[in-house]
Every structure is written in structure tokens, then in C-alpha cells.
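Visitor: What would the 3D arrangement of this be:
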Amino acid sequence: MSDAEWGLVRDLLPVPGWLAGRGGRPEGYCQRQMIDAVRYLVDNGIKWRAMPSDFPPWPRVYAFFARWRDMGLVAELHDRLRESVRRTEGRNQEPSAAVVDSQSVKADATVAHVSRGFDAGKKVNGRKRHLLTDTLGLLLAVLVTPASTTGRDAARILLAAAKGRFRRLARVWADGGYTGHLTDWTAQHLGVVLDIVRRCDDVSGFQVLPRRWVVERSFAWLLRSRRLVRDYERRADTSEAVVLWSMTVLMSRRLAAQQQGPVPVRAA
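Guide: Below is the predicted model of the structure:
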């Protein structure tokens, strides 16, 4: 992280238990070092044991990653960064509309057979990432399932959890794969309108569809992180944590760039 990024992230970090008087052992390494190490792994897609010597030993970095995953600290940091980005964009901290979609990715050999599946439509043997984003493309919720899980089944879990966190959520856009019983279910049980954005049958090739392109761009953002090009994680919640870390990198860089302002242009 640059100094500008660290200045933003430091104020949004969860307070450690030992510092808040809740017990526990103090960190043996600086949090900035640990966060930089995790960001390096997510961005470059290296193995844990290939952590450069500039960072703390990889077992300590992995222990930090696992602790933040299990205690929900990475999700807490991610949500605070998202709220900051939405404030700078002049939006309410809590969104009222969202976009849902899924992406099938191949799984590495380390992924167990019980947590992977085959997506017959995409011809992919691996896992499926289900994303719910706001209208800016920022992540609201993520769910990783075997690739054989349909988008409608995963959306029930994803939308129910999101509605419990975001009370203002009233409308969700989705593609044609979410048609059917899910539309009535979201209206009856969640009070959310599921708006299906359909593709024109007479158009061939690539077509930018209203609202749906937002979440497609979010998938493209995630694939900038080499750790997410495939699914290398044995546990699904670890894969979800890597997605959250990838989005924290994007948002912290965006906030730092906005804080520094435009770069002045020198005259020739």
C-alpha cells in the first residue's frame, strides 16, 4: 500500500481484541505488513510458501488471513471501505438497488470433489461465484458454491442474507437465468422486486445490457487478481475471503486516488 492508502485503511481497521480489552495476544508483526502480504498474494496469485522474504513468514501471514476470515474482520473492513466509496460518490451508505449474477471458474486440483461441480451450460468443472453488487459495481454479498448449483438456488441464500443487512434494498436486476419461481419468492418473502433484463433474440454477438453490465464489470475487476483467475482454495469460505480482499484493494486505491486529486499537467 502507498502511504495515502494506509492513511485511509488504518482508520477503518477493526480494533484488535487485545487493544479493546477483550483479551488475546498482541500482534507480533505490524498490521500494515500483514495486510500488504495478503494483498500481494491475492494480486499475484502466488503460493503461500512462495511469500517473498520482504514479508513476515508465510505461516504467520496465513494465520492472520485465517483469523480475519473466521472472525469476519475482512468483511468488516470491506464494508467500511464500501461505505466510504459510496459517500464520496454522493450516495447513501446503504443501497436501495442491486445487481446479481454468477460466474463459473475452473477449480485447481487442490479443491475437493465435494465442493466442486460441473456447469453444463458453461462446460466448466469447478466452482461458481455468485455476486450481488450495488449500482456502482461494489460488492454487497458473495457466495461460492459448486459450479453445478443454479443461480436461482444460490440467489435465495444470497438475497435473503443481503435483505437482512440492507433494509433499503428494494430492487434487484438479474439476467434471464433467474426467471421462474425466484421472482415470486423474492416479492413474497423479501419484499424485493426482481427485475429480469432480457437479451434481444434478434441481436447476435456482444451486447451491452442495461444494469446487467455493472456486475459483469465487477467480475472483470476481480479477474485482475491472479489468485481469482481460478479457484485454488480448498474451502469455499476461503475463496469468498479472497474475493473480499480483492475488492478492498480496488476500493482503497480508488479512495486514495480521489483524495490526492487529479495530477497537474505540465506545460511543454
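Visitor: Which stretches in the protein count as helices?
Guide: Listed in chain order, the helices of the chain (DSSP state H) span residues 3-12, 31-44, 58-70, 73-88, 151-165, 181-185, 212-222, 236-260.
Visitor: per-residue confidence averaged over the longest one?
Guide: When pLDDT is averaged along helix 236-260, the result is 94.
Visitor: still on that earlier bit, closest one to residue 129 among the helices of the chain?
Guide: Nearest to residue 129, of all those, is helix 236-260, at 6.8 Å by Cβ to Cβ. (Glycine included, C-beta is placed from N, CA and C.)
Visitor: Packing partners of the closest one?
Guide: Helices and strands touching helix 236-260, by 3 or more Cβ pairs under 8 Å, 6 or more residues apart in numbering; DSSP states H and E, are helix 3-12, helix 31-44, helix 58-70, helix 73-88, strand 124-133, strand 139-146, helix 212-222.
Visitor: What angle do helix 236-260 and the second one make with each other?
Guide: Regarding helix 31-44 and helix 236-260, their directions subtend 110 degrees when assessed with axes from the mean of the first three to the mean of the last three Cα atoms, to 10 degrees.
Visitor: So which residues make contact with helix 31-44?
Guide: If you take Cβ atoms under 8 Å, 6 or more residues apart in numbering as the criterion, helix 31-44 is touched by 1, 6, 9-10, 13, 27, 46, 48, 51-52, 55-56, 60-61, 64-65, 224-228, 242, 245-246, 248-249.
Visitor: residues in contact with the closest residue to residue 51 other than its chain neighbours?
Guide: Excluding the flanking residues, the one nearest residue 51 by Cβ to Cβ, 6 or more residues apart in numbering is residue 58, at 4.0 Å. Contact analysis of residue 58 by Cβ under 8 Å, 6+ apart lists 48-51.
Visitor: one step back: adding distance to residue 234 and mean pLDDT as columns, could you present the helices and strands packed on helix 236-260 in CSV?
Guide: Formatted as CSV, the helices and strands packed on helix 236-260 follow (distance: least, Cβ to Cβ, whole Å; pLDDT from 0 to 100):
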stretch, distance to residue 234, mean pLDDT
helix 3-12, 28, 91
helix 31-44, 15, 95
helix 58-70, 12, 94
helix 73-88, 18, 95
strand 124-133, 11, 96
strand 139-146, 12, 96
helix 212-222, 19, 93
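Visitor: one step back: can I get the helices of the chain in a markdown table with distance to residue 143?
Guide: Formatted as a markdown table, those follow (distance: least, Cβ to Cβ, whole Å):
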| stretch | distance to residue 143 |
| --- | --- |
| helix 3-12 | 24 |
| helix 31-44 | 19 |
| helix 58-70 | 15 |
| helix 73-88 | 13 |
| helix 151-165 | 5 |
| helix 181-185 | 15 |
| helix 212-222 | 14 |
| helix 236-260 | 7 |
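Visitor: closest to residue 111 out of the ones you listed?
Guide: Taking Cβ to Cβ, helix 236-260 is the member of these nearest to residue 111, at 8.8 Å.
Visitor: thinking again about what came up before, need the helices and strands packed on helix 236-260 in TSV (columns: distance to residue 179).
Guide: What follows is the helices and strands packed on helix 236-260, written out as TSV (distance: least, Cβ to Cβ, whole Å):
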stretch	distance to residue 179
helix 3-12	39
helix 31-44	34
helix 58-70	34
helix 73-88	29
strand 124-133	16
strand 139-146	19
helix 212-222	14
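Visitor: right, so of these, which gets closest to residue 196?
Guide: helix 212-222 (9.8 Å).
Visitor: quick one: contacts of the closest one?
Guide: Applying Cβ under 8 Å, 6+ apart, the contact partners of helix 212-222 are 99-101, 103, 129, 131, 133, 135-139, 173-175, 197, 228, 243, 246-247, 250.
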